[in-house]
Structure formats: structure tokens, C-alpha cells
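return atomic coordinates for the entry below.
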Amino acid sequence: MNDRSDSATIEDKQRYVALDLEYNQPSGTIIQVGVAIGSSSQNQQQYIVRRWNLQVDESISEFITQLTGITNEDCSAGVTLAQCAKELGDLLREQEVFVNPVTWGGGDSADLLRTFAQAQIEFHHFGRRWIDVKTWTTLLSLARTRTATIQHGGLSKAMARYKLQFVGKAHRADVDAFNTLRLFFAILDRQRTLEGCVAQIKNL
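This next block holds a predicted model:
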């Protein structure tokens, strides 16, 4: 993405946070939290990207270690859930992000909020909704094909359809959050262009 900060509008400067979680199996315990924060007026090198490995009272399954690279040692050296909540909350306040997080698929923010609540940790961020980029890509796929056929695949394949290359190793919370934010802005910019074209046509 090009840096358009010189001519950026208020909408371009709005910062968004993409959130991604990694879970242990079969428990479903959250073991890693990742975020990427940026605006559409920034290039991707300017995004703020953070990751927290969480201390958990269970062993990480071999399958999850192979999939994500997260080990028992990573979690032993990680942070408490309370520390993650504080550092994440401080970052969100500092960056003044849009209230609803951007996600690939639904539920990550709800899962994190529920986990904080169960641990009696205060966290006054994220709305009750999220911006699901996966649903966006499904909708656009249906609109393009004009059939009931949906193009399946994960984040990497969805990005390829928008001529974006997935950066980094998948199934790392910070990496997935970073790429989700890139795809979000690509779709958002595309839609703004289309809306601009429609407005011009109406004014003819």
C-alpha cells in the first residue's frame, strides 16, 4: 500500500486494530494474542504489531506446537492474562482505535472478553461487534460469480484474490492480525473507489 498521509482524509487517518488469537487443543484455552494497528493512510511498515504469549496451567498439545510454533517454554516465559489485558488496553487507548476490532472470522474478540471476565479482569475495550473480513470476502465472492458458489480457503488464498501476498508464517497471532489488517484496508480502499465512481455517475 502506498503512503498517502499528505492528502489523507479523516476517514483515512482512522486507526483500526486487527485481532487474532491462537488456542490450545482440545481445551480451547487462549495461548497467544496478536494485534496489528494502523490506518489506511499508512503503509504496512508503519503498522504497530504486538504479540503476547500467555501463561497457562496446561501443556501445549503437540499438534498446536507443530501448527503455530508455540511451545510450553514460550508460555512459561509468557505474560499473565492480567498483564496482557493491561498492556493491550494501554495500547488501544494510546492509539485511539475504532471501537470494533477487525478479525478473520468471528468470535475472537468475544472469546478474549469472556476470558478476561472469567478471570475477573477489567477490560473496557472492544464493542459487542467486530468487523469480519472473512464474511466480507465471501460476500464479494458471491457478488463476483453471481452464483451460489463460494470460493473457499483461508486468509492467504483470500489475499491472493486481491493481489496481496501473505507476509510471514501463518498461525502466529501477530502475523495473522497483520495480514488481516492489510486485507481489510485493500477491500476498504476498493469499496471507497467504487462508491466514488457511483457518485460520479450519478452526477453526470
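
for the record, mean pLDDT for the helix ranked longest in the chain?
Ranked by residue count under DSSP state H, the longest helix found in the chain is helix 173-202. Per-region confidence: helix 173-202 scores 84 on mean pLDDT.

now that helix: buried residues?
Under the neighbour-count criterion of 16 or more other Cβ atoms under 10 Å, helix 173-202 has 173-188 buried. Using the backbone N, CA and C atoms, a C-beta is placed for each residue, glycine as well.

okay, and the beta partners of residue 34?
With DSSP bridges as the criterion, residue 34 is bridged to residue 20, residue 51.

what sits against it?
Counting by Cβ atoms under 8 Å, 6 or more residues apart in numbering, residue 34 makes contact with 19-22, 49-52, 172-178.

let's see that with 7 Å instead.
Neighbouring residues of residue 34 by Cβ atoms under 7 Å, 6 or more residues apart in numbering: 20, 50, 51, 172, 173, 174, 176, 177.

so what pLDDT did it get?
pLDDT, residue 34: 98.

and if you look at residue 13?
For residue 13, the pLDDT comes out at 89.

was I right about it contacting residue 41?
Yes. Assessed by Cβ atoms under 7 Å, residue 13 is found in contact with residue 41 at 5.5 Å.

comparing these two, which residue is more hemmed in?
residue 41 (21 against 12; other Cβ atoms under 10 Å).

pretty sure that one contacts residue 14?
No. Judged on Cβ under 7 Å, residue 41 makes no contact with residue 14 at a distance of 9.0 Å.

low-confidence ranges in the chain?
Residue ranges of the chain with pLDDT under 70: 1-11, 145-152, 194-200, 202-204.

for it, which segments count as strands?
Taking DSSP state E to define them, one finds strands in the chain at 16-23, 30-38, 48-53, 102-103, 131-132.

ok, which of those strands comes nearest residue 118?
Closest approach to residue 118 among the strands of the chain is made by strand 30-38 (10.9 Å; Cβ to Cβ).

all helices for the chain, in order.
Per DSSP H, the chain carries helices over the ranges 10-13, 62-68, 72-76, 81-95, 108-118, 133-145, 155-160, 173-202.

so what does the fifth one touch, helix or strand wise?
Spelled out, that is helix 108-118. When contacts are defined as 3 or more Cβ pairs under 7 Å, 6 or more residues apart in numbering; DSSP states H and E, helix 108-118 packs onto strand 16-23, strand 30-38, helix 81-95.
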